[in-house]
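In: could you look at this predicted model? Sequence included:
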Amino acid sequence: MTALIAVVVALVILVLIGLAMSVRIVRQYEKGVVFRFGRITGARDPGLRLIIPFADVMHHISLRIVTMPIQSQGIITRDNVSVDVSAVAYFRVVDAIKSVIAIENVSSAINQIAQTTLRRVVGWHTLDETLSETDRINLDIRQILDVTTTEWGVDVTLVELKDIQLPDTMKRAMAKQAEAEREKRAKIISAQGEALAASALGDASDTMMAHPLALQLRNLQSLVEIAVDKNSTVVFPAPLMSTIGELGSFLAREATAAAAPAPQPPPDTPFLAKPVHLPTPDPVHVPAPNGAETGTP
């Protein structure tokens with residue numbers, strides 16, 4: 001009886017051990033790939049799964065998106081500029097069986113091919129294209145990786161250039177170029193503003209010439225703006241346009257008067273001469289030869 005109980009207990013223990021060895025749990029983000037005596041039998045969906053102990057082997061394959069940084073690569077662009085470019089790639093397994101059978105280490109393989117693809121694609125472009133057309137470069141790298149990784153059951157969802165390091169000399173040259181470009185834009189905008197301002201001032205002057213009261217209203221508005229600051233001195237501007245007009249009229253009258261001939265007297269007017277009174281000379285005394293004095297009348 002004791003031997004029978006021992007056998008039953010041993011059988012129960014063996015059954016429990018067998019169940020423990022045959023039970024597998026596949027998580028929601030995984031798929032289980034089962035090999036039976038080295039041959040693949042299929043993939044197992046998430047949940048509680050049973051396998052044959054010592055005969056079956058299950059590999060758990062994660063289906064989540066994996067973030068893989070691509071280390072900085074020294075690359076020479078098409079215009080012979082040396083740059084260091086780093087990127088990041090995102091991929092996920094879409095076929096668990098292919099990812100186990102077709103390649104040994106998916107992450108390592110994608111990392112290596114991503115580095116070579118990054119170096120090749122960036123080398124096709126110039127420096128300006130690399131800096132300004134990153135979206136197109138990202139798309140080109142992703143398309144090239146997809147062609148290779150599809151056979152591995154992997155889908156590359158996204159590739160992004162993370163950092164682009166330029167030589168110091170190139171940074172200084174680009175800074176000078178950007179500064180010159182900004183100065184050019186500033187001068188163009190300033191010239192356009194001057195042209196618009198001149199056109200507006202011309203229209204305003206025409207309006208003021210047609211309506212003289214507009215200039216007076218503008219002067220009053222200027223006085224109001226000056227009075228806002230509570231100044232102790234108030235300047236009353238003279239009507240400049242009317243002053244210039246009056247000055248021009250005065251100069252025209254003066255020029256006309258200067259050009260006109262002097263008035264001549266009438267021909268029948270007699271010439272009247274005034275009498276001239278000459279002074280009477282004083283008497284002069286001349287001595288006579290014999291000593292007598294004689295006087296001249």
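Out: Looks like it arrived, so ask away. Residues are numbered from 1 along each chain as shown.
In: do a quick rundown of the helices in the protein.
Out: 2-22, 96-101, 106-123, 127-132, 134-149, 168-210, 212-228, 240-259 (DSSP state H).
In: so which elements touch the fourth one?
Out: This means helix 127-132. Using 3 or more C-beta pairs under 8 Å, 6 or more residues apart in numbering; DSSP states H and E, the elements in contact with helix 127-132 are strand 82-93. To be clear about C-beta, it is placed using only N, CA and C from the backbone, and glycine gets the same treatment.
In: check what pLDDT the residue positioned nearest the centre of the chain gets.
Out: For the chain, Arg182 is the residue whose C-alpha lies nearest the centre (C-alpha atoms, centre = their mean; 9.3 Å). If you check Arg182, the pLDDT there is 90.
In: still on that earlier bit, and Ile61, which of the helices of the chain is closest to it?
Out: helix 96-101 (4.0 Å; C-beta to C-beta).
In: give me the average confidence score over that closest one.
Out: The pLDDT scores in helix 96-101 average 89.
In: what's the answer for stretch 253-264, then?
Out: For stretch 253-264, the mean pLDDT works out to 72.
In: swap in stretch 219-235?
Out: 66.
In: what's the answer for stretch 67-80, then?
Out: Rounded mean pLDDT across stretch 67-80 is 87.
In: how about that stretch as CSV, C-alpha atoms only?
Out: Extracted in CSV, the C-alpha atoms of stretch 67-80 (Å, rounded to 0.1, in the frame of the first residue of the first chain):
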residue,chain,number,x,y,z
THR,A,67,14.3,52.4,-31.7
MET,A,68,17.8,51.9,-33.0
PRO,A,69,20.4,54.8,-33.0
ILE,A,70,22.8,54.9,-35.9
GLN,A,71,26.2,56.2,-34.8
SER,A,72,27.8,59.2,-36.4
GLN,A,73,29.3,58.5,-39.8
GLY,A,74,32.1,60.5,-41.4
ILE,A,75,30.8,61.3,-44.9
ILE,A,76,32.1,63.3,-47.8
THR,A,77,29.3,65.0,-49.8
ARG,A,78,29.1,65.3,-53.5
ASP,A,79,30.7,68.8,-53.4
ASN,A,80,33.6,67.4,-51.3
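In: ok, which of the helices of the chain comes nearest Thr41?
Out: Ranking these by proximity to Thr41 (C-beta to C-beta) places helix 96-101 first, at 10.3 Å.
In: nearest to Gln73, of the helices of the chain?
Out: Taking C-beta to C-beta, helix 106-123 is the member of the helices of the chain nearest to Gln73, at 5.1 Å.
In: any stretches of the chain with poor pLDDT?
Out: Applying pLDDT under 70 to the chain flags residues 1, 212-213, 215-216, 223, 226-247, 260-297.
In: can you put the helices of the chain in a markdown table and add distance to Ile40?
Out: Formatted as a markdown table, the helices of the chain follow (distance: least, C-beta to C-beta, whole Å):
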| stretch | distance to Ile40 |
| --- | --- |
| helix 2-22 | 18 |
| helix 96-101 | 7 |
| helix 106-123 | 17 |
| helix 127-132 | 44 |
| helix 134-149 | 20 |
| helix 168-210 | 53 |
| helix 212-228 | 89 |
| helix 240-259 | 100 |
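In: and those: which comes nearest Gly38?
Out: helix 96-101 (11.8 Å).
In: against which helices or strands is that closest one packed?
Out: If you count contacts as 3+ C-beta pairs under 8 Å, 6+ apart, helix 96-101 packs onto strand 30-36, strand 39-44, strand 56-62.
In: for the second one, which strands pair with it and how are they oriented?
Out: Strand 39-44 sits in its sheet next to strand 30-36 (antiparallel), going by DSSP bridges.
In: then the last one?
Out: Paired neighbours of strand 56-62 in the sheet (DSSP bridges): strand 30-36 (antiparallel).
In: circling back to that earlier point, among the helices of the chain, which is nearest Val156?
Out: Ranking the helices of the chain by their distance to Val156 (criterion: C-beta to C-beta) puts helix 134-149 first, at 4.4 Å.
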